[in-house]
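Participant: next one to model:
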Amino acid sequence: MAWKSPFQQGAQVEHPKFGFGSVLSSNEEHIVIKFDDHGEKKFVTPIVLPNLKKSDRQPPAEKRASRSRKPKVVAPAVAG
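Facilitator: Got it, this is the predicted structure:
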């Protein structure tokens, strides 16, 4: 019988140390979670499962990388 994770991809979870996160992938050996405040973490599945709780929250909107817009400097034309 195939192993079935209690947390599928996209599931919202809460960890006592890292807080809220979204499951990125999960199998018998490892689970990868992207936490809101701590980034991606990879755990050994059997060890972390007792510490995870399902969360009913909505997944957070993806934050876009902020780029500071620098004004373009135009070089003066050289008369020749």
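
Participant: for residue 22, give its distance to residue 78.
Facilitator: Distance, residue 22 to residue 78, using C-beta to C-beta, to the nearest Å: 55 Å. C-beta coordinates here come from the backbone N, C-alpha and C atoms, glycine included.

Participant: give me the more crowded residue out of these two.
Facilitator: residue 22 (20 against 5; other C-beta atoms under 10 Å).

Participant: got the confidence number for residue 3?
Facilitator: Reported pLDDT at residue 3 in the predicted model: 65.

Participant: nope, residue 69 is what I meant
Facilitator: With respect to pLDDT, residue 69 scores 65.

Participant: could you do residue 7 as well?
Facilitator: With respect to pLDDT, residue 7 scores 89.

Participant: pretty sure it belongs to a helix, no?
Facilitator: No. The assignment for residue 7 by DSSP: H, G, I helix; E, B strand; the rest coil gives coil, which leaves it out of any helix.

Participant: element containing residue 75?
Facilitator: Counting by DSSP states H and E, no helix or strand carries residue 75.

Participant: what do you get for residue 24?
Facilitator: Using DSSP H and E, residue 24 sits within strand 19-26.

Participant: adjacent strands (with direction) for that strand?
Facilitator: strand 12-15 (antiparallel), strand 30-35 (antiparallel) (DSSP bridges).

Participant: what average pLDDT does it get?
Facilitator: Average pLDDT, strand 19-26: 96.

Participant: sort out which residues of it are buried, please.
Facilitator: Within strand 19-26, the residues that count as buried by 16 or more other C-beta atoms under 10 Å are 20, 21, 22, 23, 26.

Participant: wait, what's in contact with residue 9?
Facilitator: Contact analysis of residue 9 by C-beta atoms under 8 Å, 6 or more residues apart in numbering lists 23, 24, 25, 26.

Participant: nearest to residue 55 among those?
Facilitator: Of all these, residue 23 has the smallest distance to residue 55: 10.6 Å, by C-beta to C-beta.

Participant: would a markdown table of the buried residues of strand 19-26 with distance to residue 55 be doable?
Facilitator: Shown next, in a markdown table, are the buried residues of strand 19-26 (distance: C-beta to C-beta, whole Å):
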| residue | distance to residue 55 |
| --- | --- |
| 20 | 6 |
| 21 | 9 |
| 22 | 9 |
| 23 | 11 |
| 26 | 15 |
